[in-house]
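*Asks:* just need the structure, nothing else, for what follows:
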Amino acid sequence: MLVDRHSPPAPAAKAAGEPDGPGAAGAAAAPRPGGVAHANARRAAGLLIAVGLLAVVVLLSIAIGAKDIPVGQVWHGLFHYGGTDNDVVIRKLRLPRTLLGVLVGAALGLAGAAMQALTRNPLADPGLLGVNAGAAAAVVSGISFFGVTSMNGYVWFALGGAAAVSALVYVIGGSRAATPVRLALAGTAVTALLQGWTTAVELTDHAALDRMRFWQVGSLAAADMSTVRHVLPFIAAGTLLVLVTARPLNALALGDDTARGLGAKLTRTRVLVMISITLLCGAATAACGPIVFIGLMVPHVIRGITGPDMRWILPYAAVLSPVLLLGSDVIGRLVTRPAELQVGIVTAVLGGPVFIFLVRRRKMAEL
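*Replies:* Reported below is the predicted structural model:
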């Protein structure tokens, strides 16, 4: 009887969560409440490392150029401007160029990540919806027909062209009935048409061809604070919009039916994403010309670090894309010193082989 009286507590102890068998240990580990927290901590640490890398590249961009300037003079030009030749080079030339590189790189990276999520296509880039082609066609038209010659004029024409083309692609793609495939096909068709228009204008107007030649290569060399001030509001607005759509884009990645079941508003999300891509790509293309591979390659690499969660992909893209752009710009200044190689050429030369390697190494179906 004594044994019978004391035997029932043993099962109760197991039910209370103190088992010592292998099956019970597996059951206790099943929820793994710390798994998500650990992954987020790892991603946050990686983001901090990326910010530190960006700070290093920014310093290199300010310090390195055709003219050798000691580190002490770089610091003096930044914080104790006195009007010397070195101060002018640092404050008037390299600082605006670096700031514009950060803005344009972040814009292209964010636009590329948003485009790949919107179309559920890891090979999509910011030009897939015809935004870059619309900006280029508007700029060449402004040069040829309206005599636009300044960067400030390029900005407004490029933004107008990008906005008009985005609206056209949305209408052709089906408006409220638009799907990722329809939008991609519409963007491809409009891009081909606009590229033909741009080429025709350049061939019939040699002045436009001469002015467009340097801009189309993609360069930060003509940057000044006026250009930075003109594109900053558009890039800031596009950044805020695309960050707001991070959660709905996560839902869209699961498919339209699942996204609707989760409460995502598909039409509103697609419109907001297209507006943000238009602002980001239009401003970036206007300031520097079409620069390839930044918006295509960086988000693709980031997904291997963060996974498919857009709440992490977007911040990483905003930080690592300027690292690639400014790093390429620094390389372009060094390889042909005292002349320089335009950053659009460097990103194409570096990005092509790297992206081919990534394509062969990773499954392209994952998003």
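*Asks:* could you use CA atoms for every contact and neighbour count after this?
*Replies:* Fine.
*Asks:* buried ones in stretch 130-145?
*Replies:* Of all the residues in stretch 130-145, those buried under the rule 16 or more other CA atoms under 10 Å are 130-144.
*Asks:* report the backbone C-alpha coordinates of it in CSV.
*Replies:* Provided in CSV are the C-alpha atoms of stretch 130-145 (Å, rounded to 0.1, in the frame of the first residue of the first chain):
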residue,chain,number,x,y,z
GLY,A,130,11.1,49.9,-68.2
VAL,A,131,11.9,52.6,-65.6
ASN,A,132,15.5,53.0,-66.7
ALA,A,133,14.5,53.0,-70.4
GLY,A,134,11.9,55.6,-69.7
ALA,A,135,14.3,57.8,-67.9
ALA,A,136,16.9,57.5,-70.7
ALA,A,137,14.3,58.2,-73.4
ALA,A,138,13.0,61.3,-71.6
VAL,A,139,16.6,62.7,-71.1
VAL,A,140,17.6,62.2,-74.7
SER,A,141,14.3,63.8,-75.8
GLY,A,142,14.9,66.8,-73.5
ILE,A,143,18.4,67.2,-74.9
SER,A,144,17.4,67.0,-78.5
PHE,A,145,14.1,68.8,-78.5
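*Asks:* tell me how far that stretch lies from the chain's centre.
*Replies:* Offset of stretch 130-145 from its chain centre (CA atoms, centre = their mean, to the nearest Å): 22 Å.
*Asks:* then stretch 313-321?
*Replies:* Remark: stretch 313-321 is offset 7 Å from the chain centroid, using CA atoms, centre = their mean.
*Asks:* residue ranges with poor pLDDT in this protein?
*Replies:* Within the chain, the ranges that satisfy pLDDT under 70 run 1-34, 176, 178, 358-359, 361-367.
*Asks:* by contact count, what packs against whichever helix in it runs longest?
*Replies:* If you go by DSSP state H, the chain has its longest helix at helix 33-63. Counting contacts by 3 or more CA pairs under 8 Å, 6 or more residues apart in numbering; DSSP states H and E, helix 33-63 is packed against helix 71-79, helix 95-119, helix 310-335.
*Asks:* next, the angle from it to helix 95-119.
*Replies:* Angle, helix 33-63 to helix 95-119, by axes from the mean of the first three to the mean of the last three CA atoms, to 10 degrees: 140 degrees.
*Asks:* most packed of the helices and strands packed on helix 33-63?
*Replies:* Mean neighbours per residue, mean count of other CA atoms under 10 Å, is largest over these for helix 95-119, with a mean of 28.
*Asks:* need the contact list for residue 331.
*Replies:* residue 346 (CA atoms under 8 Å, 6 or more residues apart in numbering).
*Asks:* can you do 10 Å?
*Replies:* Contacts for residue 331 were tallied using CA atoms under 10 Å, 6 or more residues apart in numbering; they are 61, 64-65, 325, 337, 340-343, 346-347.
*Asks:* need the residue closest to the centroid of the protein.
*Replies:* With distances taken as CA atoms, centre = their mean, residue 109 lies nearest the centre of the chain, 0.9 Å away.
*Asks:* so it sits against residue 295, correct?
*Replies:* Yes - using CA atoms under 10 Å, residue 109 makes contact with residue 295 at a distance of 4.5 Å.
*Asks:* who touches both of these two?
*Replies:* Taking CA under 10 Å, 6+ apart as the contact rule, residue 109 and residue 295 both touch 115, 125-126, 281, 317, 321.
*Asks:* how about those in JSON lines, adding distance to residue 266?
*Replies:* Shown next, in JSON lines, are the shared contacts of residue 109 and residue 295 (distance: CA to CA, whole Å):
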{"residue": "115", "distance to residue 266": "15"}
{"residue": "125", "distance to residue 266": "21"}
{"residue": "126", "distance to residue 266": "20"}
{"residue": "281", "distance to residue 266": "22"}
{"residue": "317", "distance to residue 266": "23"}
{"residue": "321", "distance to residue 266": "28"}
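*Asks:* between those residues, which is closest to residue 95?
*Replies:* residue 321 (18.2 Å; CA to CA).
*Asks:* so what's residue 145 up against?
*Replies:* Counting by CA under 10 Å, 6+ apart, residue 145 has contacts 139, 201, 205, 208.
*Asks:* quick one: the helix or strand hosting the second one to helix 95-119, angle?
*Replies:* Taking DSSP states H and E as the criterion, residue 201 maps to helix 180-204. In this structure, helix 180-204 runs at an angle of 140 degrees to helix 95-119, with the same axes, to 10 degrees as the basis.
*Asks:* which SSE is immediately downstream of helix 180-204?
*Replies:* Past helix 180-204, the next helix or strand by DSSP H and E is helix 206-217.
*Asks:* and that following helix, what's buried?
*Replies:* Using 16+ other CA under 10 Å as the test for burial, helix 206-217 gives 208-209, 211-212, 215-217.
*Asks:* repeat that for stretch 337-346.
*Replies:* 340-346.
*Asks:* select, from those residues, the two members most distant in space.
*Replies:* Longest span within the buried residues of stretch 337-346, CA to CA: 340 and 344, 11.7 Å.
*Asks:* shared neighbours of those two, anything?
*Replies:* With CA under 10 Å, 6+ apart as the test, residue 340 and residue 344 both reach 329, 332.
*Asks:* chain neighbours aside, what residue packs nearest to residue 309?
*Replies:* By the measure of CA to CA, 6 or more residues apart in numbering, the closest residue to residue 309 outside its immediate chain neighbours is residue 250, 6.4 Å from it.
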